[in-house]
Structure formats: C-alpha cells, structure tokens
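> Sequence first, predicted coordinates after that:
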Amino acid sequence: MKNPLLSRSGALSLLLAGAVPRRPTFYLIGDSTVRNPHAPQVGWGAELPLFLDSTRLRIDNRAMAGRSTRTFVSEQRWRTVDSLLCPGDFLLMQFGHNEGGAPDTTKAGRRGVLRGTGEEIRALTWPDGRHETVHTYGRYLRWFIHEAKARGATPIVASMIPRNQWQNGKVKRASQDFGDWAAEVARQEGVAFIDLNQFTANKYDQLGPDAVARLFAGDHTHTNEAGALINAASVAEGIRANRQLALRKYLKKQ
C-alpha cells in the first residue's frame, strides 16, 4: 500500500518544482578581449558578474581567444551556442579585433572577413579540398542575430573595446570600420546596440595615456584585471542605457 504522506510529499515537490521559474542565461560570444585564459590578461566577461545579479541570471561566457566572427562559425562554436539558446535567454556578441586580415586559407588570413555589412562573398578552397564561403563582418553578425531570434533569445550587438592606441591626444575609435558596421547591423535588425568602443574610449581619454597603459598586459589589445573591470562597467552602462532591453532588470543596484 502506498504511503499517503509520501504521495502528498511527492506531489508537493512537483508543484514547487513547477513553480520555480527558469533562470535565463546571458551568453557572451567574442574573442580574447571578452574571455582570456592567459593571465595576467583578463577579458571583461570575467568581471561582468560584479554588475549582474547571478541569483536571477546565469552568465555563460563562450568567447574564445583568437577567434573572429568567421572562425567562430567555421569551428562550429556558434553551432554549439545556438543549440543551447532558449526562449528568454540573452546573447551579446563582441567581435572585430581578429577580422582585419585579407580572407584566405593561409595562417594569416584564416580569420579575415570581407569588410562591411553587405552580401558579398569570397569562395575559398583549402589545401585539403574543403570549400569555404567567406562573408562580410556584418553578414556574420546577422547570422548570429537571426538564429538567436529564432530560438526566442534576445541578441545584443556590442562594438569592440578600444586598443591602447592614441592619435592627437585621443584614443583611436573604431567608428570608421568595425564599430560603425556593428552599429549599422544592430540598427537594421532592430536589436540593442552597446557602443562599448565609445563608452570605454571616453573613459580612457579622461584617464590619459600613462594611466591607460597600466590597464593593459603585454600589448595594446589585452587588458589586465583593472582594465577588464572598466570594460565590464561599460557593458553594464550600455545595458542600463537601453531602456527597452529586458536585461536591465538583472543589473545590480549601484
């Protein structure tokens, strides 16, 4: 004979389990400026939990050092992330540091993409006979956006963080190429855009070259922990500025 107390207990457990809402996941995709395993270099994704309520939102940093939009697709990394996305999740994409080379099948060109946001393509044949169609930077971003939307997730486009490069007393912006193209795609696709490049560059301008140099580790691209913290704060600033973005409700109160 079944124990009625155990039966009631089991039913209560099922009811409680059903009442607990699923915690959405905030996925990050990008390059080593987002996730960097080579200490003392640190990607801003490692500091982002300081700004978001992890009891209500899970952060899953799927960025990978050395990748471009093109190699994130060709290495099947995007396929993995796409398979994990669920309705109510968020996806933030930040690329641009590794796309600049001419796209070909050499070691130097394997990450390169076509410039711009159009539908131009370049057909390549690798030495092993494998065929690859290379697209523009903007086309790859659209690929991520469209498939994320199809999964019921909210895609967010961010411009690349600035390098420690100066011109006429100001940090060099990406507003003439990858930053501009990222903004254009976000606008055309009707998704949120975080101008991470501009947010952080403004802070660097105020700090000055000497102070900014201390935020980088080993080169002009990769930040240390202090630099990553500044960039994570810029991400949070961009989220807060997008009043229509549901992700705002997970920001910690400042």
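Sure thing, it's come through. Numbering: from 1, shown residues only.
> Can you get me a residue count around G116?
A count of neighbours around G116, defined by other C-beta atoms under 10 Å, yields 15. Just so you know, the C-beta spots here come from the backbone N, C-alpha and C atoms, and that holds for glycine as well.
> and what of F216?
The local packing of F216 (other C-beta under 10 Å) involves 18 other residues.
> Then A102?
Neighbours of A102 (other C-beta under 10 Å): 12.
> Settle this for me: it is touching R111, isn't it.
No - under the criterion of C-beta atoms under 8 Å, A102 lies out of contact with R111, with a separation of 10.4 Å.
> Identify the contacts common to these two.
Common contact partners of A102 and R111 (C-beta atoms under 8 Å, 6 or more residues apart in numbering): none.
> Point me to the residue sitting closest to the centre of the protein.
Per C-alpha atoms, centre = their mean, the C-alpha nearest to the average position across the chain is that of M93, at 3.0 Å.
> That residue: what's it in contact with?
Contact criterion C-beta under 8 Å, 6+ apart gives I29, G30, L141, F144, P155, I156, V157, A158 as the residues in contact with M93.
> Tell me where this structure has strands.
Listed in chain order, the strands of the chain (DSSP state E) span residues 25-30, 58-61, 90-94, 122-125, 131-134, 154-158, 166-167, 170-171, 192-194.
> With distance to V185 and mean pLDDT added, can I get these in TSV?
Compiled in TSV, these are given as follows (distance: least, C-beta to C-beta, whole Å; pLDDT from 0 to 100):
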stretch	distance to V185	mean pLDDT
strand 25-30	15	98
strand 58-61	22	98
strand 90-94	10	98
strand 122-125	19	97
strand 131-134	17	97
strand 154-158	6	98
strand 166-167	26	96
strand 170-171	23	96
strand 192-194	9	98
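> Just tell me which of those ends up closest to A228.
strand 58-61 (11.8 Å; C-beta to C-beta).
> quick one: contacts of the closest one?
Contact partners of strand 58-61, identified using C-beta under 8 Å, 6+ apart, comprise 23-28, 34-35, 43, 45-46, 48-49, 52, 84.
> Quick check: of these, which lies closest to Y204?
Distance ranking of these against Y204, using C-beta to C-beta, places G43 first at 17.2 Å.
> Am I right that the closest one is in contact with T33?
Yes - G43 is within contact range of T33, at 5.7 Å (criterion: C-beta under 8 Å).
> Overlap in contacts, these two.
With contacts defined as C-beta under 8 Å, 6+ apart, the residues shared by G43 and T33 are T223.
> R115 reaches H135, doesn't it?
No - with contact defined as C-beta under 8 Å, R115 does not reach H135; the gap is 11.0 Å.
> Tell me which of those two has more neighbours.
H135 (21 against 17).
> In contact with the more buried one, which residues are there?
Under the criterion of C-beta under 8 Å, 6+ apart, the contact list for H135 reads R70, V113, L114, E119, E120, I121, W143.
> hmm, try it at 10 Å
When contacts are counted by C-beta atoms under 10 Å, 6 or more residues apart in numbering, H135 touches 69-70, 73, 103, 113-114, 118-122, 141-143.
> Let's have the residues you listed in TSV, adding distance to N164 and neighbour count.
Formatted as TSV, the entries for those read as follows, by distance: C-beta to C-beta, whole Å; neighbours: other C-beta atoms under 10 Å:
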residue	distance to N164	neighbour count
T69	23	28
R70	25	24
V73	29	17
P103	27	21
V113	24	26
L114	27	21
G118	31	13
E119	35	11
E120	32	12
I121	34	12
R122	32	15
L141	25	25
R142	30	19
W143	31	16
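> mind listing the helices in this structure by residue range?
For the chain, the helices identified by DSSP state H occupy 4-19, 69-74, 77-84, 137-150, 178-189, 196-207, 209-213, 225-241, in order along the chain.
> what packs against the third one?
Applying 3 or more C-beta pairs under 10 Å, 6 or more residues apart in numbering; DSSP states H and E, we find helix 77-84 packed against strand 25-30, helix 69-74, strand 90-94, helix 137-150.
> What strands line up against the first one, and which way round?
When pairs are called by DSSP bridges, strand 25-30 turns out to pair with strand 58-61 (parallel), strand 90-94 (parallel).
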